[in-house]
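**Q** here is a sequence with its predicted model. Questions after.
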Amino acid sequence: MSLGVKSKRVLTRLLQAVPTVFGILVVCFILTRALPGDPAAYFAGDMADEASIEQVRENLGLDQPLPIQFVTYVGDLLQGDLGVAISTGQTVTQELAKRLPASLELTLGALLLALTIAVPLGVLAATRPNSWVDHLCRFLVTAGVSLPTFFTGLALLYVFYYLLGWAPPPMGRLDMMFLPPESITGFYTIDSLIAGDWALFKASLAQMALPLITLALFTLAPIARMTRAAMLQTLASDYVRTARAAGLSRRRVLITYAFRNALLPVITTLGMVFSFVLGANVLVEKVFAWPGIGSFAVEALVVSDYAAVQGFVLSMALLFVALNLLIDVTYTLIDPRVGEDS
Amino acid sequence: MTPPLLDIQRLSVDFATRRGTVRAIDSISLSVAKGETLGIVGESGSGKSVTSYAVMNILDRAGKIAGGKISYGGMSMHKISERDMRDIRGREISMIFQNPRAALNPIRKVGQQIADVLVQHNQATRATGRAKAIEMLLAVKIKDAEKRYEAYPFELSGGMCQRVVIAMALACKPQLLIADEPTTGLDVTTQKAVMDLITELTAKFNMSTILITHDLGLAAAYCDRLLVMEKGHVVEQNTSEALFNSPQKAYTKQLLNATPHRDSYVRDLLTPEQQAQALALPASTEPGAALLSVKSLKKEFGKPGSGHHHVAVRDLSFDIRKGESLGLVGESGCGKSTTSSMIMRLLDTTEGSIEFLGQDIAAIPAKQFARHALRGKLQMVFQDPTDSLNPRWSAERSIVDPLLRLSPDMPAADRQARVLELASLVGLPVELLNRFPHQLSGGQKARVGIARAVAMEPELLILDEPTAALDVSVQAVVLNLLEDLKHRLGMSYLFISHDLNVVRLLCDRIIVMQHGEIVEQGHAHEIMDTPKTDYTRSLLAAIPHPPAADASITGNTELQDGAL
């Protein structure tokens, strides 16, 4: 398969994402309108009379019929305007830009931590069935699946902050004592490293530790389970038997022959896991007062702040589409059979 | 006499299963001399593959060597550490397997897989691996070796993949090659090419070979000495000629009998006891009027001019008369399965007509034929008896399925009676009707598939390699069952296979297909005895020829040493 065919496939996949994103826009638009609560009444304040509520409604454009509201919304969107978050008075774009790195740092960090633990754990469990590693794997998987994140988060806080006092208070991304580093990536840990500020790095890592572990524990379960199952399957395959019969070293059999093949279903699972993490993120941010977009969205939803909720859903959808695309591309690079009729 | 290269003494292997320990092989002894070719023959469950895995020490986790000695070149293999064993595998003893495509890593270039073996055993470095692997690809006669180095297994045919596996196995010039069913699932012509290649290369490097197979004919044609195994025991061993021509043990005789050869009749395959119980076959019956008439049948896949365009069947015309059996023979890719799918109305035709019982069924779209009145008169028996049964249905449910779908008005009591009648017709014990496919043997599953196919009393039965997945003794019984049913129920058969010896047993006429066209057709004995085209001749020549009977042979092994 030539490179041209592959890049064409990637392009096709990108175009396929367009209707998905549009569908999400429509559904999200209708759902926010269908929610109970009147934003005009809310923002006009408790003391407002009918006339001033109407005035606010008109200012917000909410007096227009729904289709026209939708066209206006899409039109603004195409110009990169997500509207103004009424609860904070800032544009949604600004809000998201400020909060997205916080959420991403947590989510990607958790995904990375989960991967580095779950994949080796799954591989070890598969190569040594019924050993202590296998039992540990089973325990972590069961725990990760059965404990909800808000519970794990609170339990960790109780033990490590309240009882032991090892963890800093759950008050956001950074202790009051510190100033955030100059923003380059928006990730405090990375930015502080770039700035060469060790104390700042340690402080931001300390703040992140508990929410990160909470999320990772939840994420690790499906990945470890899938890795173990996929490894067991490839280890029992004919080509691994061939490789063993040819006298290849244990390392080569395990990595080149078994693990690389086992990676394929694991990568597919990752896409699904990522969506779980995005969902769980909202709760974890609430528990740890993490200033991410999850907590922002919950607050916006409570007050029916349409622009903010839509902006949140849209950015999540785009993130998800981008990640799935990345997974598809990785898959194409690993598996030569993709896109061929065999 | 020099000591043997491989010497196995009283070897036993146990498997831990849920139902306790099962002894897979029980105290077997065998030896292979330098340069000798030994054939291990047996049906499924005889322990022939387990023996080879024990030699290589690649038994899976549940298997354990329970006793006995394996020595190779004077070394005691059971005392060797895993690290040393790895050096022996691939360099001293190597193996090739059944199902070559699955035996190769699907996401690694085949050339790299050969290079992996070379580098592992210090026959090449990372830098020279590629060149040496290409050398091996040339040695196994793969054209365009430079280009094929880059290929992935899914891009190669089954025969090509087996050549790659052979290249991997022979890359380090081992002393002993173990070939475990190396040609099962391949066409006869590919089988011959692969076996000839193995013979040529092992002779060139003066290697010893163990050929493990269920096909006595194949083993006898290629081996110096044969060893017959049954249920973990060695039944008999002797030189190929002696064993083939004067078998001593009843099991060997039965196995020999059940293997179809050029002159056997379908009843000859059975044991004397089975023959005594079989029906007397009527003398040749004169076929009646045309039942199925195929005219100018054509099937194209993909749009003309596009890269995927492929003509699978071009301008095919033939008749099947009532009570007649027609064989359709050809290599894989010749269009025989496409033809059967079109007749079965599973696939729409591109052009042409299929007249069945006076009606052109090609005009009925494949999607609608399932509800058509003629559907019950046209039935099929599939190649894989396991995969063609619903794993969650009992035998009874599978058999009753066509009755439920095609005659839904039948009273439940009649249906029940019909199932019992069908079971006795195909010789399926009534107590097995409640079992699920995984609780039945291969032969029993084949009977369920046949009972299901004859439930609606079809006029025409399409048999798509119905015995390809069965052991020879089971194949013998199933072929005889099919012959009986044909006479009892007055059916016609369209028998599809690549094995001329099997087709000949059941069929009056044979059509030979190549590239979607008829190459030759005629009476079975004409095709077999006086083939007119080179293609048919090559198909016939590819059938393994066991050593002919020769009065002077007494079973002296030394005469055969190094004969290949």
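**A** Ah, there it is. Numbering: from 1, shown residues only, chains lettered A, B, ... in the order given.

**Q** which residue would be the closest one in chain A to chain B?
**A** Relative to chain B, the nearest point of chain A is residue A:247 (3.3 Å; Cβ to the nearest Cβ). Bear in mind the C-beta positions are built from the backbone N, C-alpha and C, glycine included.

**Q** what parts of the stretch 151-300 of chain A come near chain B?
**A** A:236-239, A:241-250, A:252, A:256-257, A:260-261, A:264 (Cβ under 8 Å from any Cβ of the partner chain).

**Q** residue 311: what's it in contact with?
**A** Unless you meant another one, I'm taking chain A. When contacts are counted by Cβ atoms under 8 Å, 6 or more residues apart in numbering or on different chains, residue A:311 touches A:82-83, A:85, A:92-93, A:95-96.

**Q** please refer instead to chain B.
**A** B:298-301, B:516.

**Q** now intersect those with the strands, please.
**A** Judged by DSSP state E, the subset of the contacts of residue B:311 located in strands is B:298-301.

**Q** which of the residues of the stretch 151-300 of chain A next to chain B are buried?
**A** Among these, those scoring as buried are A:237-239, A:241-248, A:252, A:256-257, A:260-261, A:264 (criterion: 16 or more other Cβ atoms under 10 Å in any protein chain shown).

**Q** among these, name the ones in helices.
**A** Members of these lying in helices (criterion: DSSP state H): A:238-239, A:241-245, A:252, A:260-261, A:264.

**Q** want to throw the contacts of residue A:311 into a markdown table with pLDDT and neighbour count?
**A** Formatted as a markdown table, these follow (pLDDT from 0 to 100; neighbours: other Cβ atoms under 10 Å in any protein chain shown):
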| residue | pLDDT | neighbour count |
| --- | --- | --- |
| A:82 | 80 | 22 |
| A:83 | 80 | 20 |
| A:85 | 79 | 25 |
| A:92 | 85 | 26 |
| A:93 | 86 | 16 |
| A:95 | 85 | 23 |
| A:96 | 87 | 22 |
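
**Q** domain parsing for the chain?
**A** Defaulting to chain A. Chain A breaks down into these domains under automatic domain parsing: A:22-81, A:94-334.

**Q** hmm, I had chain B in mind actually
**A** Here the domain parsing of chain B from automatic domain parsing is B:6-269, B:294-302+B:320-542.

**Q** pLDDT on the last one, on average?
**A** Per-residue pLDDT values over domain B:294-302+B:320-542 give a mean of 88.

**Q** please apply the same query to stretch B:215-228.
**A** Here the average pLDDT along stretch B:215-228 is 89.

**Q** what's the first-to-last distance across it?
**A** 11 Å (Cα to Cα, to the nearest Å).

**Q** got the residue ranges for the helices in the stretch 151-300 of chain A?
**A** If you assign secondary structure with DSSP state H, counting those that start in this stretch, the helices in the stretch 151-300 of chain A sit at A:188-194, A:198-235, A:238-245, A:250-252, A:260-287, A:293-302.

**Q** sorry, back to before: most tightly packed of the domains of chain A?
**A** domain A:94-334 (a mean of 19; mean count of other Cβ atoms under 10 Å in any protein chain shown).

**Q** run the chain-centre distance for that one.
**A** With Cα atoms, centre = their mean, to the nearest Å as the basis, domain A:94-334 stands 8 Å off its chain's centre.

**Q** for stretch B:126-134, same thing?
**A** Counting by Cα atoms, centre = their mean, stretch B:126-134 is centred 35 Å from the centre of its parent chain.
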